[in-house]
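**Student:** Okay, sequence plus prediction incoming.
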Amino acid sequence: MFELGLPSAATRPRRVLCLGAHSDDIEIGCGGAVLALTERIPNLQVHWVVFSARDERAAEAERSATRFLSRTDDRRVVVESFRDGYFPYDGAALKDCFETVASRIDPDVIFTHYRNDRHQDHRTVAELTWNTFRNHFVLEYEIPKYDGELGNPNMYWPLSGAQRASKTQILLDCFDTQAQRSWFSRETFDAMMRLRGIECRAESGYAEAFHCHKAVVG
C-alpha cells in the first residue's frame, strides 16, 4: 500500500489544528495520530479547541489535552462553553469563534468531525471547518456511539502498540464523568483501533481512520 506523510518542515514548524465539539471528542477521534505527530515532528505547533465543556468537563478537557500534548511545548488549548446539543442554533456565534481560530493559526493539517455524523453538534463543527478553512488538508475523524454511522473511511493512520495503549489509558484516566457510560471503555477504544488496523494492515495491528474528502499531491 502506498504511504503518504507530512513533509519535514524546512523553514517553519508544522502546525496542527484539532477541533472537537465536546470534551473527549478529539481524544477519541484522533488522539493516537496526535501522539504519533508529537513523537515524530520536532517543534510541532498544536492548536486544540473544544467548543462545549463546562465545569468538571472543562477541567477534564484541559487535563487530557495536557497529557496528549506533553511532548510539545508549543501548544494552545482553548475550551469554549457553547451549549451542548444546540450548536445548529448558535451558528453565528460559533462561526465568529471559528474565524478567531483562523486568525491565530494557518494549519498544515486539521482534525475535525465527520461531516455525516448524526450528532448535530459534531456535524455543525465539520460544516464550519470546511466553511472557514477552504484551502487546507482536513481529516475527519470518527466517534463510536449509539447512532452507528461510522461509514467507510478512506485514510488510515497506523499506530504503534505504545501509542494505542497511551491513547486508551489517557481517556480512561482523564474522563471520570464518562465512566458510567456503557460504551466508554477500554474494549470500545481498542476494538475501534484494532478494526482499522486490520483494514490497513498496520504492523502493530492498530490504527485510526479518517475521511479525507480533498487532497492535493505536490
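**Tutor:** Good, I have the coordinates. Numbers count the residues shown, from 1 in each chain.

**Student:** Helices of the chain, residue ranges please.
**Tutor:** 25-40, 56-68, 91-104, 120-132, 161-174, 186-200 (DSSP state H).

**Student:** Please name whichever of the ones you listed is nearest to A215.
**Tutor:** Closest of these to A215 is helix 120-132, at 13.7 Å (criterion: Cβ to Cβ). (C-beta placed from N, C-alpha, C; glycine too.)

**Student:** Can you tell me what sits against that closest one?
**Tutor:** Outside helix 120-132, the residues that touch it by Cβ atoms under 8 Å, 6 or more residues apart in numbering are 19-22, 25, 51-52, 84-88, 91, 94-95, 98-99, 101-102, 110, 112-117, 138, 140, 143.

**Student:** Which ones among the residues you listed map onto strands?
**Tutor:** L19, G20, A21, H22, F51, S52, I110, T112, H113, V138, E140 (DSSP state E).

**Student:** Run a quick neighbour tally on the second one.
**Tutor:** So the one you mean is G20. The local packing of G20 (other Cβ atoms under 10 Å) involves 29 other residues.

**Student:** do the third one as well
**Tutor:** Neighbouring residues of A21 were enumerated by other Cβ under 10 Å; the total is 29.

**Student:** Surely it is in contact with V49?
**Tutor:** No. If you go by Cβ atoms under 8 Å, A21 and V49 don't touch, sitting 9.9 Å apart.

**Student:** hang on, the earlier thing: now which of the contacts of helix 120-132 would you call buried?
**Tutor:** By neighbour count, with 16 or more other Cβ atoms under 10 Å, those hold 19-22, 25, 51-52, 87, 94, 98, 101, 110, 112-115, 117, 138, 140, 143 as buried.

**Student:** so how far is H122 from A191?
**Tutor:** Between A191 and H122 the computed distance is 20 Å (Cβ to Cβ, to the nearest Å).

**Student:** likewise S81?
**Tutor:** Separation of S81 from H122 (Cβ to Cβ) stands at 17 Å.

**Student:** Between those two, tell me which one has more neighbours.
**Tutor:** Using other Cβ under 10 Å, the more surrounded residue of S81 and H122 is H122, with 27 against 13.
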